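**Student:** mind folding the following:
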Amino acid sequence: MLTDFQRKVLRILYNYKGGRRRFPTIHELTIKTGKHKPDVMAALEALVTAEYIYWEDKSDTSNIVILEGWEREGERPKVDHRPTASNTNNTDYWTQY
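**Tutor:** Purely as a prediction, here's the structure:
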């Protein structure tokens, strides 16, 4: 399972590539994440290890290949969406009927 920061870096890579047709530089990743270079590099290395990205030539982020753009379904934390006393309110009438 990815940490929040690793998931954030993966989504930045995916969205940046889709919008700008290139990957962000390490400096741009530090700006977008608010973290320092060693933290960003550790997250990228974790994504390589978990096989979300392929990055053989680590001299430049343009060499990254995204293998999976989202966290795998089986690794996501389970969220219970059933109504409980704490999450029910008067919008049920409008959303369930």
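
**Student:** what are the ranges of the helices in this structure?
**Tutor:** 4-20, 26-33, 37-49, 92-96 (DSSP state H).

**Student:** can you redo those helices as CSV with mean neighbour count, mean pLDDT and distance to E71?
**Tutor:** Using the backbone N, CA and C atoms, a C-beta is placed for each residue, glycine as well. Shown next, in CSV, are the helices of the chain (neighbours: other CB atoms under 10 Å; pLDDT from 0 to 100; distance: least, CB to CB, whole Å):
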stretch, mean neighbour count, mean pLDDT, distance to E71
helix 4-20, 16, 94, 6
helix 26-33, 16, 96, 17
helix 37-49, 16, 97, 11
helix 92-96, 8, 66, 27
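
**Student:** now render those helices as CSV, adding distance to E73.
**Tutor:** Listed next are those as CSV, based on distance: least, CB to CB, whole Å:
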stretch, distance to E73
helix 4-20, 14
helix 26-33, 25
helix 37-49, 17
helix 92-96, 25
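
**Student:** closest one to I64 among these?
**Tutor:** Within these, the stretch nearest I64 is helix 4-20; the backing value is 6.6 Å (CB to CB).

**Student:** and that closest one, what does it pack onto?
**Tutor:** helix 26-33, helix 37-49, strand 65-66 (3 or more CB pairs under 8 Å, 6 or more residues apart in numbering; DSSP states H and E).

**Student:** on that earlier part again, nearest to E68 among the helices of the chain would be which one?
**Tutor:** By CB to CB (comparing all of the helices of the chain), the closest turns out to be helix 4-20, at 8.2 Å.

**Student:** could you check the angle helix 26-33 makes with the closest one?
**Tutor:** Orientation of helix 4-20 against helix 26-33 (axes from the mean of the first three to the mean of the last three CA atoms, to 10 degrees) gives an angle of 110 degrees.

**Student:** at the geometric centre of this protein, which residue sits there?
**Tutor:** Nearest residue to the geometric centre of the chain (CA atoms, centre = their mean): R7, 2.6 Å.
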